[in-house]
Structure formats: structure tokens, C-alpha cells
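In: 3D model of this:
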Amino acid sequence: MSTSLTHKILDWCARNLWGLPSEIHQMPLSLLNPEQKLPLKMAPIPVMDVGYALHTDELTGRVKKEPFLLDTREFLKAGERDAILASSGMGKSYLTGILLEEILEKSQQVVFIFDFEPEWYTLKARYDNDNRSFKVIGSKESPWPAVLAIPATADQKQIQDCLNTFELAMAPFIQGLIHLGISCVFDLSSFPDRDKQGMTAVLCELIFRGEYNLQDQDDALHNDCRKIRVAVDEAHLVASQYPEKLQHNSLEAILKIAKRGRKRNIHLLVATQTPASINKEVLKQCNRYWLGGITSHLDYKPNKSIYLAAGLTLDAVQKLEAGTFVYASGLTRQTIVGRTRHCKHGGETKKETTRPIASKSEADALLKEFL
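Out: Sure thing, here's the model as predicted:
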């Protein structure tokens, strides 16, 4: 790829995302923010206010609610790897939002969210402020550069060339996000699944390498690193149980974070509405499960061991109401409901339009024009 094209992409990143001079590609990393000395280490979140634990009174049969506060200190050594499994409409994205809000509210963790539906942009309104930065890459305000578009008719070599261009352009950008502590959503909703997989593979690999690359450039960072949270909603699209459905190595990149991310202070959160389709090795690496209602036995059987370990039979998990989850980690089993979210939920079912439908003459005119 030409040097001018690389500079063009980096100039776009600087103008649209960092608010830095367009000459960013000519700057050494140590000069990205010479005035601001951001702390690279802070106390972990002591507790996460997830919602309410549900307890049934043995005498009256009434269900009581008590605050459910997740103490994260017990995961300091093992790391935090969350799996949220529930059918569509059962509250998976809502609970994911609660967990991400808790991280953004109470820590300086860098949060990277892979968004395959345009729903996580709502976090920006609350968390892009004087205390922290939060960006949405792929939004109308900060669209992906057109030079990174992969033609629909591209062959495998052309696709790989585009991804190589993408990786070269994004490498210093991801390092900058980590160095400056900028959280962001990668909105890939407008891309076909093939490109979602390829771009996710590149971005996950860059995130995995990012902090180590920073340490190589600055000896002062060797004993300190940021905590990074990688959240992948609808993870089955890029970490499928069926490798033949994946056209790129996105599964390999996510597995690398799941298996080895802890040592680099990178922690994974995956969520899916089709539990049967997500890769079992990814789920096996998780140490916190949030199990919501499922409607089909086909989603239960492949993950039967996970559900049974949480005390959930097929009948029990199918009876869980929307918004109710069973939290399972180690020896802990607790039925919970989530709190009210701070941000608008971007994954709500769209309201039915009240626009009038076309008349016969309008429909005929349309058909005549195009057929």
C-alpha cells in the first residue's frame, strides 16, 4: 500500500476521532499527548451494581428482591470472562448494557465494543465527557474511511489486500486509543458478514498486541498496563461453532483473547441470542455465565453442561421470564433481574410505522419503472 494512502487514513483518524493534528502519522507515540499524563493503573471496580437477586420465601412463597452486587475482587487473578446467553427478546443486550455501564461508570478501563447491529451508539451521550472519552467508529459523525471498503465482487486476494490495508492503518490508531484511554464502539453493522469477520479479526489482533507494542516503545510502561474490556455482541457471527461459516480467522482472534488475554489485562465479554451457534471453546474459557430464557431445545442441548452446572433443566430455562437471568460462577448460583439502565437501550424492537401503504396505481407505477 502506498505511503500516501496510509497517511490519508491516519489523517482521517486524527481529525475525526482523536481531535489531533492531521500530521499524527509523523509523530512518535510518546508525543501523542505530551501534556496529559494519564494514570495507567487504578483500583479495580470493587462491586458492580447489576440489579436484584431474587429469593423465594419458603414459608409464604413470595419472591423477595435484594440488591445484587457483584464483587469483582475475586476475579483479580483469574480474570473476567463473561458469557451472556439468551434467546432474542429475553434481555441479553439489556443485561450486556448494564455490565458495560458499570465498567464505564466505575473504572478507567478501555472498553471496545463490536457492534453488528447499530445499537451501542447510545453509550456515547453519557460517557463521552470531560472525565473520559467514548467514540463510535462507523457512525454518521465518524464513518469508516471509504478507502477501506471491500468490493462485493472482490476475490480472496483482493479481500486480503484490503484487510492488510485496514490493519496497517488501524495499528497506530488502536495503540492511540489504548494509550489515551479512549473507549469506543466499532460499528460494523453496515458490512456483510464476510467483512464483519475480517475486520473483527484484524481489530482483535491489534487490541491483543496493542498494549505490548506500547510497552516496547516506552520502558516506563513495562510494569503498568491498562485494563481492557472487549465486548462482542451477537458473537456467533464471528465466533461460530461451525468454522465453515467463517470466511476469516475472527474465531482464532477471539479465542486468543479468551485464552491468553488475561496475562495482558484484556478481558472478554461475549453475548449471543443463539447459544447453539457460538463456539464451545470460547464459552469454555468463560468464568462468569449469565443465562437467560431460551425458546428452543436446540439451544439447550449443545450447552447442556453449562446449564446443568447452573442448576437449570430445559424446562426451567424455558420458564425464565424476559429480563431474568441465572448468574453462575464457581460455586455461586443466583437468579437475578437487572437494574434500570442509565442509557437508552438501542436494541429495542422498532415501533410499527404509521406511514400509509401504497395505492394500486402507485405500486403499478413503481413496477413499471423498474421491471
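
In: for the residue nearest the centre of the chain, name its beta-bridge partners.
Out: By Cα atoms, centre = their mean, the chain has its centre lying nearest to Ala231, at 2.5 Å. Here Ala231 sits in beta bridges with Ile113, Leu269, going by DSSP bridges.

In: ok, then the element right after the lowest-mean-pLDDT helix or strand in the chain?
Out: Among the helices and strands of the chain, helix 3-13 carries the lowest confidence by mean pLDDT, DSSP states H and E, at a mean of 52. Following helix 3-13 in sequence order, the next helix or strand is strand 47-56 (DSSP states H and E).

In: hey, C-alpha coordinates of that following strand in CSV?
Out: Provided in CSV are the C-alpha atoms of strand 47-56 (Å, rounded to 0.1, in the frame of the first residue of the first chain):
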residue,chain,number,x,y,z
VAL,A,47,-18.6,-4.1,43.1
MET,A,48,-20.8,-4.0,40.1
ASP,A,49,-24.4,-3.0,40.8
VAL,A,50,-26.1,-5.4,38.4
GLY,A,51,-29.6,-5.4,39.8
TYR,A,52,-31.5,-7.5,42.2
ALA,A,53,-31.2,-11.1,43.5
LEU,A,54,-34.5,-13.0,43.6
HIS,A,55,-35.2,-15.1,46.7
THR,A,56,-38.3,-17.2,47.3
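
In: surely Gln158 and Thr165 touch.
Out: No. Counting by Cβ atoms under 8 Å, Gln158 does not reach Thr165; the two are 10.7 Å apart. From N, CA and C alone the C-beta is placed, and that goes for glycine too.

In: which of those two has more neighbours?
Out: It is Thr165, of Gln158 and Thr165, that has more neighbours when counted by other Cβ atoms under 10 Å, with 20 against 12.

In: SS state for that one?
Out: Secondary structure for Thr165, judged by DSSP: H, G, I helix; E, B strand; the rest coil, is helix.

In: quick one: the strands in the stretch 251-371 of the chain?
Out: 266-272, 288-292, 324-329, 332-338 (DSSP state E, counting those that start in this stretch).

In: so can I have JSON lines of those showing distance to Lys301, mean neighbour count and mean pLDDT?
Out: As requested, those are arranged in JSON lines below (distance: least, Cβ to Cβ, whole Å; neighbours: other Cβ atoms under 10 Å; pLDDT from 0 to 100):
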{"stretch": "strand 266-272", "distance to Lys301": "15", "mean neighbour count": "25", "mean pLDDT": "97"}
{"stretch": "strand 288-292", "distance to Lys301": "14", "mean neighbour count": "24", "mean pLDDT": "98"}
{"stretch": "strand 324-329", "distance to Lys301": "18", "mean neighbour count": "22", "mean pLDDT": "98"}
{"stretch": "strand 332-338", "distance to Lys301": "21", "mean neighbour count": "18", "mean pLDDT": "97"}
